[in-house]
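> here's my sequence, what's the structure:
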Amino acid sequence: MKTLAALCLVASVVASGVACKRASQAAGPPAGQERGDCRPDRTCDPGLSCLSNLCVRPPPADCARIAEQLSFILLDNYTPREQRAAFMAEARRQCDAVRLSADDGECITRAQSRAALRECPVTLGLGDCAKIIAHLEQLQGSSGVDAYLVTGADRIVSRCKGEAPSLAFEQCVLAATKVEEVERCSW
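Down below sits the predicted model:
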């Protein structure tokens with residue numbers, strides 16, 4: 001009789017422990033989200049790292065340093081001070097917005113060229129050649145320009161194959177409504 005009572009007591013303690021564990025797991029963030037368990041394949045949401053089976057945000061990058069390095073790479077030496085300051089403020093804002101990690105930021109601060117920037121896992125300040133080319137093809141299709149005539153759009157497409165344009169260049173091209181307007185965009 002005492003053994004049966006002891007077994008019942010042990011079973012109720014184990015059952016309540018399992019119930020408590022299930023309740024505590026349900027109260028935490030879902031798998032993959034910040035402070036939640038890592039997914040079974042040890043991945044987390046973008047910007048998070050899986051450490052000790054917990055999704056955590058890595059230390060942030062020094063966005064002021066990132067903005068300064070981007071200005072050295074993407075702006076020329078004669079850029080007016082006001083434009084440089086505006087560029088750096090926007091680069092800091094983008095860096096903060098994507099929550100750039102210290103490791104990803106280190107890649108950007110080591111980069112010495114646009115090509116090196118393009119190799120970083122997270123890029124800031126660079127334009128997307130796929131978007132640029134798609135827009136230029138759309139403009140060329142609707143412009144009625146002779147298909148055998150080499151235009152500014154063709155030169156941009158060719159240049160995109162080997163170089164990385166600035167984000168400002170991308171924005172200028174995407175704002176163009178005619179092929180001729182892309183000539184005013186500065187790479």
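
> how far away is the residue nearest the centre of the chain from Ile66?
Centre of the chain computed as the mean C-alpha position; nearest residue by CA atoms, centre = their mean is Val122, 5.0 Å away. If you measure Val122 against Ile66 using CB to CB, to the nearest Å, the figure is 10 Å. (Glycine included, C-beta is placed from N, CA and C.)

> Leu51 too?
Summarising the geometry, the distance separating Leu51 from Ile66, computed by CB to CB, is 24 Å.

> higher neighbour count, those two?
Applying other CB atoms under 10 Å to Leu51 and Ile66 shows that Ile66 carries more neighbours, namely 24 against 11.

> for that one, give its distance to Gly105.
For Ile66, the distance to Gly105 - CB to CB - is 5 Å.

> quick one on the thing from earlier: the residue nearest to the centre of the chain is in contact with Arg99, isn't it?
No. Here Val122 lies out of contact with Arg99, judged by CB atoms under 8 Å, at a distance of 9.8 Å.

> quick one, domains of this structure?
30-59, 63-118, 129-184 (automatic domain parsing).

> returning to what we had before: touching both of Ile66 and Gly105, which residues are there?
Cys95 (CB atoms under 8 Å, 6 or more residues apart in numbering).

> show me the strands in the protein, by range?
Residue ranges of the strands in the chain, as given by DSSP state E, are 49-51, 54-56.

> residues in contact with the last one?
For strand 54-56, the surrounding residues in contact (CB under 8 Å, 6+ apart) are 29, 31-38, 44-45, 48-49.

> likewise for the first one?
Contacting residues not belonging to strand 49-51 are listed as 38, 42-44, 55-58, 101 [CB under 8 Å, 6+ apart].

> neighbouring strands - and their directions - for that strand?
Using DSSP bridges, the neighbouring strands of strand 49-51 in the sheet come out as strand 54-56 (antiparallel).
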